[in-house]
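J.: I would like to see how this sequence folds:
(chains A and B)
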Amino acid sequence: AQKITQTQPGMFVQEKEAVTLDCTYDTSDPSYGLFWYKQPSSGEMIFLIYQGSYDQQNATEGRYSLNFQKARKSANLVISASQLGDSAMYFCAMREGNFGNEKLTFGTGTRLTIIP
Amino acid sequence: DAGITQSPRHKVTETGTPVTLRCHQTENHRYMYWYRQDPGHGLRLIHYSYGVKDTDKGEVSDGYSVSRSKTEDFLLTLESATSSQTSVYFCAISEFSQSNYGYTFGSGTRLTVV
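T.: The predicted structure follows:
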């Protein structure tokens, strides 16, 4: 079974609209973390936001927020007021395991295109 | 800035030749990782290291070996390159502190096996 599932291969969104990128995960580890990364056309991996499994509140970082629904094993990324520079690939990833045996598993990504 | 440098940035090699990719970090991070990125697969873990001479396999380790003789360097070797190993390779470090919990990636190495 896929540990991280991103069901939207591509999305087109009008500039200034909010966008939600879906991510569901599968783990039996009670301690885990969820990440979102942005990969622009230049290729680098840019960290956006992190949510720990024990965090009570949804993580926020500027225009990015993570809609964490633990019971549904869902960790959607919400980008408010989208900008042309938000056009990129977005990856959801999950950290499992303890120090010394920790791994980060990625989803297949969503290509977001912002339309002027 | 985690100070991660990957070399080379681009390489074209022939099938059957050995290839070594280097990841160098300047901040004494204990944990280092090698991933490959292919369309439709996201990033997949090849090998990782949790200290000098301590390494372990990831989900796609066949055909790859690693070495870490110094904290700052993590080498990925393709023993005998095949066309299926054409990919973009990313090195990463992880850091854990009260103010920062995350993985930082290098700029990537684009490897083409012809």
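
J.: Output the lowest mean pLDDT helix or strand found in the chain.
T.: Using chain A. Ranked by mean pLDDT, DSSP states H and E, the weakest helix or strand in chain A is strand A:103-106, scoring a mean of 89.

J.: Sorry, I should have been clearer: chain B.
T.: Across the helices and strands of chain B, mean pLDDT, DSSP H and E gives its lowest value to strand B:101-105, namely a mean of 84.

J.: That strand and chain A in contact?
T.: Yes. Using CB under 8 Å from any CB of the partner chain, strand B:101-105 reaches chain A at B:101-105. The C-beta positions use only the backbone N, C-alpha and C, and glycine is treated the same way.

J.: Can you list the buried residues in that strand?
T.: For strand B:101-105, the neighbour count (16 or more other CB atoms under 10 Å in any protein chain shown) marks B:102-105 as buried.

J.: which intervals of chain B have sub-threshold pLDDT?
T.: Residue ranges of chain B with pLDDT under 70: B:1-2, B:96-101.

J.: Show me the residue sitting in the middle of it in space.
T.: Residue closest to the average C-alpha location in chain B (CA atoms, centre = their mean): B:W34, at 2.8 Å.

J.: Look up the residues forming beta bridges with the nearest residue to B:H10 once chain neighbours are set aside.
T.: Distance criterion CB to CB, 6 or more residues apart in numbering or on different chains; nearest residue to B:H10, sequence neighbours excluded, is B:R110 at 4.9 Å. Residues in a beta bridge with B:R110, per DSSP bridges, are B:H10, B:V88.

J.: all strands in the chain, in order from the N-terminus.
T.: Since you didn't name a chain, this refers to chain A. Under the criterion DSSP state E, strands of chain A are mapped to A:4-5, A:10-14, A:19-21, A:24-25, A:32-39, A:46-52, A:60-61, A:64-69, A:74-79, A:88-96, A:103-106, A:110-115.

J.: should've been chain B
T.: B:4-7, B:10-13, B:19-25, B:31-38, B:42-51, B:54-57, B:64-70, B:73-78, B:87-96, B:101-105, B:109-113.

J.: Spell out which parts of chain B neighbour chain A.
T.: B:31, B:33, B:35, B:40-45, B:48, B:50, B:56, B:58, B:88, B:90, B:92, B:94, B:96, B:101-105, B:107-108.
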